[in-house]
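Peer 1: A predicted structure for the sequence below; I have some questions about it.
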Amino acid sequence: MTASEPQTDPVKLVIVGHVDHGKSTLVGRLLHETGALSAEKLERLKAISAKRGQALEWAFLLDSFQAERDQGVTIDVSRIRFDTAVRPYVVIDAPGHVEFLKNMVTGAADAEAALLMVDASEGLKEQTRRHAYLLRLLGVEQVAVVVTKMDLVGYDQQRFSEIARDVRAYLQELGADPQVIIPISAREGENIAAKSDKMAWHDGPTVLEALDTFTPRCPLAFMPLRLPVQDVYKFDERRIIAGTIAAGQLRQGDTLLFSPSGKTARVESIETWSAPEKLEAKVGEAIGVTLDRQIFVERGELASHIEEAPVLTNVFRGRIFWLDDQPLKVGDTVKLRINSMDAEARVQAIERVIDTESLAGGGADAVNRNEVAEIVLRTRSMLALDEARANPETGRFVISRNFRIVGGGVISMEGYPDQREAITVRSTNITASESEIDRSARWRRNGHRGGVYWLTGLSGSGKSTIARETERQLFLKGFNVYVLDGDNVRTGLSANLGFSPEDRAENIRRVGEVASLFADSGTIVLASFISPYQSDRDRARQAAGDSFHEVYIKADLSVCETRDPKGLYKKARAGEIPAFTGISAPYEAPEAPECIVDTDADTPDESAAQLVAYIEKVCQLTD
Amino acid sequence: MNELDELEAASIFILREAYNRFDDLAMLWSLGKDSNVMVWLAKKAFYGHVPFPVVHVDTGKKFKEMYDFRDRYTDEWNLRLITGDCPPVEDMDPTLPPAARSAARKTAGLKSLLEEYGYTGVIAGIRRDEEAVRAKERVFSPRGEAAEWDFRNQPPEFWNQFNTEFPPGTHVRIHPILGWTELDIWRYVRREGIPLVDLYFAKDGMRYRSLGDQDITSPVPSNADTLDAIIHELETTNTSERAGRAMDHEAEDSFERLRRDGYM
């Protein structure tokens, strides 16, 4: 590096807050105070201001669209650079009008630090709170609050203290802590570069001093490796896997695991052009590697080391912001992008639409433009991702619709299992042996088809009662029938499993495989399990193939809670059982069950009779 | 990674994203310093190859040095060059000020070239620090059916996820060096040894800071005749890069009008 290259990276700083709270004015003033304005620009600014019969209007510097200047409102994000004695800054001026929230998000998502502006004469307003909330969601951790237009309130300390208290209370509720709160007047230049005489009572820093305490975004170098595959090139004899490292680092010779495909290969070389040879690469670098074996990987896979692999799942929770004119509704299909992966996703649930004013929220059918919400998304294909709290880069996603990005969010797996264990085959060198007796021969001897009848439903919905009664009746009629019941397998087959999402998934995987073997041997299996996750039931269906029947034992949560045969709901409500399905853990009702037994309406005998009739019909031999 | 490494990596990511997402992709090659940096970045991104055509929209009024440069490096860099002509100035909107009207020829030339070749992704080397209106651009910026820029309703763009889908009949402008400054460009040119047209270097106390058409671009006073001298000059200057571009100074909104209609 030569002497004239900058020694410090610029910090990207976004200025946010309610419309008319003086963001653009502060930016103009910052540029002026730091000497970033060319003589020519200042002249132009004076001319443009004069043309509109105004004194020097700092905001016009950044409001470069004629429409912005004429209406006195920032429409889109501007960026401009200035330097302090400590380091360069790229300042991002974001619009404060709710109409242009998508532009505010565009600016703020790119920032490493933020100034949240509050007008001293108005206090906290709707967009002040919404912007503060979005900063959290977008991952901007360093925030200083600037209370501006202090000249309009006579530089009153009392007024400043009230606003400071409000803003601190709100931010703390979000789990954020404002580094500093500074009283200023951008127009008059008070507390921008030099300490203000008019507010001698303020013993904190000026705006420039506060900025210089910020640090550039800490790179994720020491986190587990994440390399999203962006493309695969074959321009010459090399086959190059290209991508930008999102976290961690890799070295030549490392073994990479590609998710979701599960393929592995070693890094043969890190390719370069017009640059020295490269043996290792770190977060942020746009690299290309060749592998020691020809494996088929394509865009969308996420490479990691074998240890510390990303989560595999086809369902997750997202805390999102929504920017489309059309609301997002339960059941909608949207395009999802996570890292370099695209997937179609369905909105399974909207659990909470959050009021950024009060931070309260409840369930809803739709998320409207500019709202934030917690939703559950489900995809058909498996996704490789991280939780946002584990890795903010790979733990977020965007949603697009009608050719446009219309929303984004951060990922949580709370209540949902990592499905990697459930789909990983560890054994090698195995060859399945085939029986000489085929399935239909066994069926003919029994006089009926074998099959898996998978009873799913809430605790207390009546699964066990119905399963036992159905088993009794079918047995008496001469059917080869057997019940696999939740409580029973948990003392044997799954004795080593608990009730975490992963253990629940593993329990259902085992039962699904066992049930499939029973069915193959010609037996009618009644598998009675809460089995709250659709993904797990889908896997059980996959194991058993065409002889799988999903039976939804349907009952309202309130009805189940009244029945409470094992006293479990009472304990769950008292907080004695963590992650109890329906109370503190999700239950995903079947989307397309083969049979629905409604136990709200019918007695257990009626329900069993309905199931017996169904099984008798479908297990008949046709020829 | 230092700042130049970070800028380089970010631009490579954008170029790779463009190449992956667009089947009909082309890069505008104006022969200026910024577009040479772009070609260089493409060779870095694709390991010595430039896997899409480079397009020179020729106003016929460039400097001879620029045409010579074009011919030499088309060969040396193994580029697939496509050139397009521009209609005469008389066909342009007469309400535009003279220099802007002349510059508008380039937009018209580009539009007809887009139609002829059917490009849906066009890579252009604009930077945010050049002009306040460009500062409000997106990295992937959709254009309408008449190639126009709907700046009032730009889609959001965040977290390195870009708007790469577009309705039929429209295209997307891709700006891989949007976040670079003039100084970044020069420092990168020096670091990488990227060849440039000689006109940037001072002769007889004058040099071109920005290269456009001969009749609407003027040199600025300067003695900077080496890369080091130019970088030193820029570190201390207080005048803007496009000071020598006549069209920027004709009316408050002339550049905005040009861009709205599809200018780079």
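Peer 2: Received it, and whenever you're ready, just let me know what you need.
Peer 1: show me the strands in the stretch 101-250 of chain B, by range?
Peer 2: Taking DSSP state E, counting those that start in this stretch, the strands of the stretch 101-250 of chain B run over residues B:121-123, B:140-143, B:171-174, B:206-207, B:220-221.
Peer 1: just the closest residue of the stretch 151-300 of chain A to chain B, please.
Peer 2: Residue of the stretch 151-300 of chain A nearest chain B, by C-beta to the nearest C-beta: residue A:286 (3.9 Å). For every residue, glycine as well, the C-beta is placed using N, CA and C.
Peer 1: what residues does the stretch 1-150 of chain B have near chain A?
Peer 2: Residues of the stretch 1-150 of chain B lying near chain A by C-beta under 8 Å from any C-beta of the partner chain: B:1-6, B:8-10, B:12-13, B:16-17, B:19-20, B:43-49, B:51, B:128-129, B:131-133, B:135-136, B:138, B:142.
Peer 1: hmm, try it at 7 Å
Peer 2: The stretch 1-150 of chain B has residues B:1-3, B:6, B:9, B:12-13, B:16-17, B:19-20, B:43-44, B:46-49, B:51, B:128-129, B:132-133, B:135-136 near chain A, with proximity defined as C-beta under 7 Å from any C-beta of the partner chain.
Peer 1: just the buried ones from the residues you listed, in ChimeraX syntax?
Peer 2: Per 16 or more other C-beta atoms under 10 Å in any protein chain shown, the buried members of the residues of the stretch 1-150 of chain B next to chain A correspond to this ChimeraX selection:
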select /B:3,6,9,12,13,16,17,19,43,44,46,47,128,129,132,133,135,136
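Peer 1: related to what we said a few turns ago, put together JSON lines for the strands of the stretch 101-250 of chain B, with mean neighbour count and mean pLDDT on each row.
Peer 2: Formatted as JSON lines, the strands of the stretch 101-250 of chain B follow (neighbours: other C-beta atoms under 10 Å in any protein chain shown; pLDDT from 0 to 100):
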{"stretch": "strand B:121-123", "mean neighbour count": "25", "mean pLDDT": "96"}
{"stretch": "strand B:140-143", "mean neighbour count": "22", "mean pLDDT": "92"}
{"stretch": "strand B:171-174", "mean neighbour count": "23", "mean pLDDT": "94"}
{"stretch": "strand B:206-207", "mean neighbour count": "18", "mean pLDDT": "92"}
{"stretch": "strand B:220-221", "mean neighbour count": "13", "mean pLDDT": "90"}
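Peer 1: from residue A:413, how far out is the closest residue to residue A:503 other than its chain neighbours?
Peer 2: What sits nearest to residue A:503 in space, not counting adjacent residues and going by C-beta to C-beta, 6 or more residues apart in numbering or on different chains, is residue A:497, at 4.2 Å. Per C-beta to C-beta, to the nearest Å, residue A:497 is found 18 Å from residue A:413.
Peer 1: out of these two, which sits in the busier spot?
Peer 2: The neighbour comparison of residue A:497 against residue A:413 (other C-beta atoms under 10 Å in any protein chain shown) goes to residue A:413, with 21 against 16.
Peer 1: quick check, pLDDT for the more buried one.
Peer 2: Listed pLDDT for residue A:413 reads 93.
Peer 1: residue closest to the middle of chain A?
Peer 2: Centroid-nearest residue in chain A: residue A:411, 1.9 Å away (criterion: C-alpha atoms, centre = their mean).
Peer 1: show me what contacts it?
Peer 2: By C-beta atoms under 7 Å, 6 or more residues apart in numbering or on different chains, the contact list for residue A:411 reads A:316, A:318, A:385, A:387, A:388, A:395, A:396, A:397.
Peer 1: who does it bridge with?
Peer 2: Beta-bridge pairing of residue A:411 under DSSP bridges involves residue A:318.
Peer 1: so what's the backbone phi/psi at the residue of the stretch 101-250 of chain A found nearest chain B?
Peer 2: For the stretch 101-250 of chain A and chain B, the shortest gap (C-beta to the nearest C-beta) falls at residue A:109, measuring 3.4 Å. Here is the backbone geometry of residue A:109 (degrees, to the nearest 10): phi -60, psi -20.
Peer 1: count of neighbours near the closest residue in space to residue B:109 that isn't next to it in sequence?
Peer 2: Nearest residue to residue B:109 in three dimensions, chain neighbours excluded: residue B:86, at 3.4 Å (C-beta to C-beta, 6+ apart). If you count neighbours by other C-beta under 10 Å, residue B:86 ends up with 23.
Peer 1: for residue B:86, give me the pLDDT.
Peer 2: 88.
Peer 1: and if you look at residue A:10?
Peer 2: 84.
Peer 1: ok, residue A:616 next?
Peer 2: In this model, residue A:616 carries a pLDDT of 93.
Peer 1: against residue A:485, how distant is it?
Peer 2: The gap separating residue A:616 from residue A:485 is 22 Å, by C-beta to C-beta.
Peer 1: ditto for residue A:162
Peer 2: Distance of residue A:162 to residue A:485, given as C-beta to C-beta: 62 Å.
Peer 1: ok, now residue A:502?
Peer 2: Counting by C-beta to C-beta - residue A:502 and residue A:485 are separated by 22 Å.
Peer 1: next one: residue A:332
Peer 2: When residue A:332 is compared with residue A:485 (using C-beta to C-beta), they lie 37 Å apart.
Peer 1: break chain A down into its domains, please.
Peer 2: Domain segmentation of chain A under automatic domain parsing yields A:11-211, A:227-304, A:314-414, A:439-618.
Peer 1: give me the contacts around the helix or strand containing residue A:569.
Peer 2: Using DSSP states H and E, residue A:569 maps to helix A:568-573. With contacts defined as C-beta under 7 Å, 6+ apart, helix A:568-573 is touched by A:459, A:460, A:561, A:564, A:577, A:580, A:583, A:584.
Peer 1: each with direction, which strands does the next helix or strand after that helix pair with?
Peer 2: Once the chain leaves helix A:568-573, the next helix or strand it forms, by DSSP H and E, is strand A:595-598. Sheet pairing here is set by DSSP bridges, and for strand A:595-598 it gives strand A:548-554 (parallel).
Peer 1: ok now the partner strand, how far from the chain's centre?
Peer 2: The chain centroid and the centroid of strand A:548-554 are separated by 30 Å under C-alpha atoms, centre = their mean, to the nearest Å.
Peer 1: same check, this time on stretch A:143-152
Peer 2: 33 Å.
Peer 1: on that earlier part again, need the nearest residue in space to the residue of the stretch 151-300 of chain A closest to chain B, chain neighbours excluded.
Peer 2: What sits nearest to residue A:286 in space, not counting adjacent residues and going by C-beta to C-beta, 6+ apart, is residue B:12, at 3.9 Å.
Peer 1: from memory that neighbour sits against residue B:42, does it?
Peer 2: No - counting by C-beta atoms under 7 Å, residue B:12 stays clear of residue B:42, with 8.6 Å between them.
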